[in-house]
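1. Predicted model and sequence follow; I will ask about them next.
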Amino acid sequence: MVSEEAEFHTPNNDNRSYSPTPSDIPEDETKNLHLADLDFQLYIFRKTENLCLNGLKEEEHKLESLQRVEAQMLRGLERQRSEVRKEIEYKNVTLVAVREKIGEVIREIADLRAPSESDGTSARSSVGRSIGSTIASEPSFYHWTPVSSHDRFQI
């Protein structure tokens, strides 16, 4: 290494304007300067390498964190999908039951509309009206309205 106190002698002994040339510097000093320069470059490269490695580690941690969040979100979506499927299945079963009940009610109404064998009028017109009024008063997906003053109803 070159000491700051090293003094270069010029042919005129005037140090102010003189720049030494490589031939003016002793060979050992040149090797020392070159080694010092290489040491400094190595130091800079190692610092840069450490910064890059630290940056990579940070990015790896961020990626792992994002992957954990993604996995949680996927589990949540899968749970929601399962719940929605169960709800759809329940509604389909309910819909089938409602359709069956509507079929039963329509069959009952058809039975009530059937003419009596004896007099040709509705055999159970009073019962039909009471069923019709019961159906009309219950909350339902369908609204039942009377078509005439007798026992016929429209779905």
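-> That came through fine. All values derive from a computational prediction rather than experimental measurement. Numbers count the residues shown, from 1 in each chain.

2. Any regions of the protein where pLDDT drops low?
-> 1-25, 116-155 (pLDDT under 70).

3. could you pull out the helices for this structure?
-> Applying DSSP state H to the chain gives helices spanning 27-113, 125-137.

4. Give me the packing partners of the first one, helices and strands only.
-> Using 3 or more C-beta pairs under 8 Å, 6 or more residues apart in numbering; DSSP states H and E, the elements in contact with helix 27-113 are helix 125-137. (Each C-beta comes from the backbone N, C-alpha and C, glycine too.)

5. if we can go back for a sec, pick the most buried one from the helices of the chain.
-> Comparing those by mean neighbour count (mean count of other C-beta atoms under 10 Å), helix 125-137 comes out on top with a mean of 15.

6. Asp37 and Thr48, how far apart?
-> Separation of Asp37 from Thr48 (C-beta to C-beta, to the nearest Å): 16 Å.

7. One more: Asp39?
-> 15 Å.

8. show me the contacts for Lys31.
-> Counting by C-beta atoms under 8 Å, 6 or more residues apart in numbering, Lys31 touches no other residue.

9. Now do it against Leu74, distance only.
-> 63 Å.
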